[in-house]
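Participant: Need coordinates for the below:
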Amino acid sequence: MLNFNAPPLKNSSSEPVWKVLIYDRFGQDIISPLLSVKDLRDMGMTLHLLLHSDRDPIPDVPAIYFVMPTEENIDRICQDLRNQLYESYYLNFISAISRSKLEDIASAALGANAVTQVTKVFDQYLNFITLEDDMFVLCNQNKELISYHAINRPDIMDTDMEAIMDTIVDSLFCFFVTLGAVPIIRCPRGNAAEMVAVKLDKKLRENLRDARNSLFTGDTMGTGQFSFQRPLFVLTDRNLDLATPLHHTWTYQALIHDVLDFHLNRVNLEESSGPEASPAGARPKKKNKKTYDLTAVDRFWQKHKGSPFPEVAESVQQELDTYRAQEDEVKRLKSIMGLEGEDEGAISMLSDNTAKLTSAMSSLPELLEKKRLIDLHTNVATAVLDNIKTRKLDVYFEYEEKLMSKSTLDKSLLDMISDPDAGTPEDKMRLFLIYYITAQQPPSEADLDQYKKALMDAGCNLSPLNYIKQWK
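Facilitator: Sure, this is the predicted structure:
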């Protein structure tokens with residue numbers, strides 16, 4: 001797509017064609033976990049701009065659009081055509097565009113005398129966000145509209161439910177088109193998972209029925225539907241296991257997701273500018289905001305994201321020690337290079353160390369990258385550790401593990417909830433909900449009232465408990 005919908009030439013030493021990338025918020029979310037600014041620049045993207053920002057005309061540069069086919073976006077593309085912003089237009093829609101909207105673009109191009117400038121129009125079927133090689137999410141923008149809460153609202157209308165199901169099905173359909181495989185779908189009966197499965201099955205069958213325009217039988221899709229290795233797609237309802245998303249975790253990636261601001265592989269941290277207090281009457285110092293990308297290129301992240309947190313802390317220290325040893329070696333060689341005297345021993349040592357220093361200098365970029373990653377994970381792990389200490393998350397993790405595995409508890413649940421130093425009100429509510437969901441027998445009304453009073457004294461909102469009581 002970024003190469004004008006043509007396969008990139010391998011081993012091509014020629015300069016890339018310079019172009020502009022225009023995306024909406026949905027397109028930005030899809031691209032940002034996959035490509036850095038440097039990657040985009042290497043592909044010839046001189047500018048990457050939001051569709052609805054104020055953009056100046058660049059009449060001698062082609063523009064690649066990557067947007068959702070919404071009414072608002074189509075109107076803006078038509079406006080760009082009328083204003084003659086770019087030399088040529090490559091329109092890539094994240095989901096399939098309807099015929100009526102395509103006709104709107106054609107009318108605008110005709111009216112602006114820009115028909116020849118609209119070079120290509122593509123349905124990309126990329127309405128999902130790839131976070132890792134083997135993990136994707138359906139959306140980031142407006143995700144609350146298709147959340148568990150949205151689907152299970154007591155006042156939800158049938159039309160709203162249909163819209164939610166259609167949004168989910170469209171994203172899943174895009175995923176399987178990109179995968180180039182028709183899945184075998186399995187789901188339980190009688191819930192939202194079945195609704196999604198039936199709609200997805202219908203959409204896949206309709207596409208396969210039209211042999212000429214099928215997205216699964218073209219050359220680009222390889223074996224597609226004819227492959228014997230069709231993927232199994234298991235759809236389940238979240239109600240099947242409500243305790244797990246409430247559970248306090250103990251692995252590095254899960255902890256970051258739970259306690260820090262972590263979205264689309266990016267962590268946002270607030271760092272105080274220093275330990276010293278501001279003088280009396282002075283304005284408090286602003287906290288520095290830092291962002292860190294945790295991507296597949298980061299070898300430490302790939303190796304340790306699923307590790308228990310104490311192991312990660314040890315590994316960061318080991319990496320730091322290794323780096324310092326390498327740095328000290330470079331410094332030592334530098335000092336030896338300043339040897340004085342003309343005796344043969346000094347000259348032979350000098351030539352020997354020159355080779356070592358040359359080797360050390362060639363590995364300097366790698367050393368600097370290692371230092372950057374060590375600093376990154378030191379800062380992130382420190383922020384996670386601060387949360388663990390202040391909220392006693394290790395205690396919560398161990399207690400919840402015992403609850404979920406039906407082990408003997410060494411402390412009463414009421415003591416945990418009543419402890420003012422253990423966790424936030426949300427932590428306490430999560431703990432109690434896990435107890436309530438996993439208990440074979442729900443607590444008696446007298447016990448429940450006692451728990452409710454303790455939760456309210458701790459500052460908890462009881463509406464989640466009321467919902468779980470109805471659900472159970």
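Participant: contacting residues around the helix or strand residue 253 falls within?
Facilitator: Per DSSP states H and E, residue 253 falls inside helix 252-259. With contact meaning Cβ atoms under 8 Å, 6 or more residues apart in numbering, helix 252-259 is reached by 248-249, 262, 267, 294, 304-309, 312, 380-381, 383-384, 387-388, 391, 393. Placement of C-beta: from N, CA and C, glycine included.
Participant: out of these, which are buried?
Facilitator: Buried residues within the contacts of helix 252-259, counting neighbours by 16 or more other Cβ atoms under 10 Å: 248-249, 262, 267, 294, 304-305, 307, 309, 312, 380-381, 383-384, 387-388, 391, 393.
Participant: After the helix holding residue 253, which helix or strand is next? Please name it.
Facilitator: Downstream of helix 252-259 (by DSSP H and E), the next one is strand 261-263.
Participant: tell me what that next one is packed against?
Facilitator: For strand 261-263, the packing partners by 3 or more Cβ pairs under 8 Å, 6 or more residues apart in numbering; DSSP states H and E come out as strand 266-271.
Participant: Can you verify my assumption that residue 74 contacts residue 107?
Facilitator: No. Residue 74 lies out of contact with residue 107 (Cβ atoms under 8 Å); the separation is 10.8 Å.
Participant: quick one on the thing from earlier: of the buried ones among the contacts of helix 252-259, which belong to helices?
Facilitator: Under the assignment DSSP state H, those contribute 304, 309, 312, 380-381, 383-384, 387-388, 391, 393 to helices.
Participant: Need phi/psi at residue 132.
Facilitator: Dihedral pair for residue 132: phi -140, psi 180, per degrees, to the nearest 10.
Participant: which residues touch it?
Facilitator: residue 296.
Participant: Check residue 191 too.
Facilitator: With contact set as Cβ under 8 Å, 6+ apart, residue 191 has these partners: 237, 239.
Participant: Doesn't residue 406 belong to a strand?
Facilitator: No. Per DSSP: H, G, I helix; E, B strand; the rest coil, residue 406 lies outside any strand segment and is coil.
Participant: Show the backbone phi and psi for it.
Facilitator: The phi and psi values for residue 406, taken as degrees, to the nearest 10, are phi 60, psi 30.
Participant: How many neighbouring residues does it have?
Facilitator: 10 (other Cβ atoms under 10 Å).
Participant: which stretches of the stretch 151-300 of the chain have low pLDDT?
Facilitator: The stretch 151-300 of the chain contains residues with pLDDT under 70 at 217-228, 272-287.
Participant: Could I get the contacting residues of the residue nearest to residue 301 when sequence neighbours are not counted?
Facilitator: Nearest residue to residue 301, sequence neighbours excluded (Cβ to Cβ, 6 or more residues apart in numbering): residue 294, at 4.9 Å. Listed by Cβ under 8 Å, 6+ apart, the contact partners of residue 294 are 256, 265-267, 301, 305, 380.
Participant: May I ask you to confirm that residue 468 is in contact with residue 432?
Facilitator: No. Counting by Cβ under 8 Å, residue 432 is not a contact partner of residue 468; they are 9.4 Å apart.
Participant: between the two, who's got more neighbours?
Facilitator: Here residue 468 and residue 432 are set side by side on neighbour count (other Cβ under 10 Å), and the busier one is residue 432, at 27 against 16.
Participant: Could you list the buried residues of the helix or strand containing the more buried one?
Facilitator: Using DSSP H and E, residue 432 falls within helix 425-438. Buried residues in helix 425-438, counted by 16+ other Cβ under 10 Å: 427-437.
Participant: got a list of what the nearest residue in space to residue 255 that is not next to it in sequence touches?
Facilitator: With sequence-adjacent residues excluded and distances taken as Cβ to Cβ, 6+ apart, residue 255 is closest to residue 384, at 5.2 Å. Each residue near residue 384 by Cβ under 8 Å, 6+ apart is listed here: 252, 255-256, 259-260, 309.
Participant: okay, the residues you listed in TSV with distance to residue 238 next?
Facilitator: Listed next are those as TSV, based on distance: Cβ to Cβ, whole Å:
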residue	distance to residue 238
252	24
255	21
256	22
259	22
260	23
309	26
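Participant: Just the closest of these to residue 199, please.
Facilitator: Residue 199 has its nearest neighbour among these in residue 256, at 34.2 Å by Cβ to Cβ.
Participant: Starting from residue 43, give me the distance back to that closest one.
Facilitator: Noted for residue 256: a distance of 30 Å to residue 43, by Cβ to Cβ, to the nearest Å.
Participant: Compare those two (neighbour count), which wins?
Facilitator: A direct count of neighbours by other Cβ under 10 Å for residue 256 and residue 43 places residue 256 higher, at 23 against 16.
Participant: which other residues reach the helix holding residue 432?
Facilitator: Against helix 425-438 from outside (Cβ under 8 Å, 6+ apart): 242-243, 246-248, 391, 393, 396, 399-400, 403-404, 406, 413, 416-417, 422-423, 442-443, 451, 455, 458-461, 464-465, 468-469, 472.
Participant: starting at the chain centroid, how far to it?
Facilitator: Distance of helix 425-438 from the chain centroid (Cα atoms, centre = their mean, to the nearest Å) equals 27 Å.
Participant: Give me the angle between it and helix 252-259.
Facilitator: With axes from the mean of the first three to the mean of the last three Cα atoms, to 10 degrees applied, the angle from helix 425-438 to helix 252-259 works out at 110 degrees.
Participant: What helices and strands are in contact with the helix or strand that helix 425-438 is followed by?
Facilitator: Where DSSP H and E defines the elements, the next helix or strand beyond helix 425-438 is helix 445-457. On a contact count with 3+ Cβ pairs under 8 Å, 6+ apart, helix 445-457 meets helix 413-418, helix 425-438.
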